[in-house]
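Chemist: Structure of the sequence below:
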Amino acid sequence: MSLERASILRVRVDKVTMDDTLRHCDDFIKTRVPHQIVVVNVAKLVKAKTDRTLRRIINEADLVGADGVPVVWFSKFLKDPIPGRVNGTDLMERLVARAADKGYSIYFLGAKPEVVREVVNVYTRRYSNLKVAGYRDGYFRPEEEVKVAEEIKESGADIIFLAFGSPKKEKFVRDHLYRMNVPVVHGVGGSFDIVAGITKRAPIWVQSIGMEWFYRLVQEPRRMWKRYLFTNASFAFLIGIELFRRTLRPQRA
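Modeler: Numbering: from 1, shown residues only. As a prediction, the model looks like this:
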């Protein structure tokens, strides 16, 4: 599969829309070959700057979408525009609806036991014909990973959603992508908590102006303020350096 790509802070981001991504997922399922989908936001770009393993995993993934609105904005500032956002939670929602329509089966992995059970309950109530290949929580020891991956393979799932944080989910997929043998592997971070009603997602208008992080900060100020202060400041600094570097490049030619 050939995709046109942008590069932001040395991280590859594919120039795809949500509809493009869904069509590629259909193609992945037809092939029966495992494919890793990654979506990147500001936090992941900053993390990938210092975590070379994470950066390599993202750059070698089968499809990389722009999760956050700021990623799309800055791709335009860098004159390497990405056509639209591929938000991880929205992609999960669209894939569940598509699975119910096309008969794909889904495996749900991650979060607390009660959360992942509620996610399955929510989706099976919403889509009575949805095929659930299986589910389990994310609380297992590293030495159990191979067993978990083999259980997923036995389920015969077409799609798996991994509700782990970064870089845990990317590294888990790197280690077990072919052992799980699932055509579409999508890391969804905290999306299970949103579906289960544990956390509330920002309204659409807040998402559209790139302020989801602030909405989350208001909900959990004590836990999130340091993370967002560091991440946003780091991203602004790194993008500033990148813009300066790119403006100098033509003068050296």
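Chemist: Please make it C-alpha for all contacts and neighbour counts, starting now.
Modeler: Will do.
Chemist: Residues in contact with stretch 14-29: which ones?
Modeler: With C-alpha atoms under 8 Å, 6 or more residues apart in numbering as the test, stretch 14-29 has contacts from 3-6, 34-35, 63-66, 81-86, 91, 94-95, 158, 183-184.
Chemist: Kindly write the PyMOL command that selects the buried subset of those.
Modeler: The PyMOL command for the buried members of the contacts of stretch 14-29 (criterion: 16 or more other C-alpha atoms under 10 Å) is given here:
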select buried, resi 5+6+34+35+63+64+65+66+81+82+83+84+85+86+91+95+158+183+184
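Chemist: So which of the contacts of stretch 14-29 are in helices?
Modeler: Judged by DSSP state H, the contacts of stretch 14-29 include 91, 94-95 as members of helices.
Chemist: As TSV, these with distance to residue 244 and pLDDT would be great.
Modeler: What follows is those, written out as TSV (distance: C-alpha to C-alpha, whole Å; pLDDT from 0 to 100):
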residue	distance to residue 244	pLDDT
91	34	98
94	38	98
95	39	98
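Chemist: could you dump these to CSV with distance to residue 129?
Modeler: As requested, these are exported to CSV (distance: C-alpha to C-alpha, whole Å):
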residue, distance to residue 129
91, 19
94, 15
95, 14
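Chemist: Of those residues, just say which sits nearest to residue 131.
Modeler: Within the ones in helices among the contacts of stretch 14-29, the smallest distance to residue 131 is 12.3 Å, found for residue 95 (C-alpha to C-alpha).
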